[in-house]
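**Q** coordinates only, sequence not included:
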């Protein structure tokens, strides 16, 4: 996604009453504020706030939160100030952007020696509005999706470790399972890519057998539910490589002996 039209179309697909004026204004404000900045990858910096806003739109969040996604780095990384954001977008958005900026400042001060649980508690305590956390998690998700741009392996591992210990658990606590899973898997690919690849190869090897088992188990579960007079929709989801790895470690078994690969709901 690289333009405001695509973002606005996505927002209006779930909220046809959204006011496009402030969203367009925020897009242009961010575009101007970041106009001379580049990402580590060499791409224009604006791709990052647009991507963050897109992640928030995927979660079907309100316009103020998506505007904050577009503006979340302006106070921290550009000449824009809290007062300017307040003047242009109002107190709600200004406070949300300021909240995200403060969490980023906490990250800088915390360093590698801070205990993850204490840092998570600190973030929760200093975030007056849950939307601040949602924006920060979306910010971290896009940074993890593009972490390959960093040349330093040590930096990549530090960011991945921080993500695994702080942001994935925060996403879990907030009930955003899809983002938690992606954060964990992206971190896993940095911290132990060899183990992740082994799991992926094993899943490919047993794919046909897994599909057949899924079909058989699904039919049996539906039959049992129907016999009890329960109308239900059954969904199955393959567990992520990191989730499988964690079970292997906890149960102290080999990958070949792990059977708990698909979860049913």
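**A** Thanks, I have the structure now. From a predicted model like this one, the values you see are computed outputs, not experimental measurements.
**Q** strands of this protein, residue ranges please.
**A** Here the chain has its strands, by DSSP state E, at 236-238, 262-264.
**Q** what's the average pLDDT for the first one?
**A** Meaning strand 236-238. Averaging pLDDT along strand 236-238 gives 69.
**Q** okay, now the unreliable bits of the stretch 1-150 of the chain?
**A** Counting by pLDDT under 70, the stretch 1-150 of the chain shows low-confidence ranges at 1-3, 109-115, 125-126.
**Q** rerun at 50
**A** Of all residues in the stretch 1-150 of the chain, none has pLDDT under 50.
**Q** ok, now which ones touch the residue with the largest distance to the centre of the chain?
**A** What lies farthest from the middle of the chain is residue 227; by C-alpha atoms, centre = their mean that is 40.0 Å. For residue 227, the contact set (C-beta atoms under 8 Å, 6 or more residues apart in numbering) is empty. No exception for glycine: its C-beta is placed from N, CA and C like everyone else's.
**Q** who are the contact partners of the residue lying closest to residue 177 once chain neighbours are set aside?
**A** Distances taken as C-beta to C-beta, 6 or more residues apart in numbering place residue 171 nearest to residue 177, at 7.8 Å, with adjacent residues excluded. By C-beta under 8 Å, 6+ apart, the contact set of residue 171 is 137, 177, 179, 180, 183.
**Q** if we use 7 Å, what do you get?
**A** Listed by C-beta atoms under 7 Å, 6 or more residues apart in numbering, the contact partners of residue 171 are 137, 179, 180, 183.
**Q** by neighbour count, which of those wins?
**A** residue 183 (27 neighbours; other C-beta atoms under 10 Å).
**Q** okay, now the closest residue to that one other than its chain neighbours: neighbour count?
**A** In this structure, residue 183 finds its nearest non-sequential neighbour in residue 168, 4.2 Å apart by C-beta to C-beta, 6+ apart. By the criterion of other C-beta under 10 Å, residue 168 has 27 neighbours.
**Q** just the pLDDT at the residue nearest to residue 177, thanks.
**A** 95.
**Q** gap between stretch 29-41 and the chain center?
**A** In terms of C-alpha atoms, centre = their mean, to the nearest Å, the centre of stretch 29-41 is found 22 Å from the chain centre.
**Q** mind listing the helices in the stretch 101-250 of the chain by residue range?
**A** 116-126, 130-145, 153-162, 168-173, 177-191, 193-205, 207-227, 241-251 (DSSP state H, counting those that start in this stretch).
**Q** for those, which one ends up most surrounded?
**A** Each of the helices of the stretch 101-250 of the chain was scored by mean neighbour count; the highest is helix 130-145, a mean of 22, by mean count of other C-beta atoms under 10 Å.
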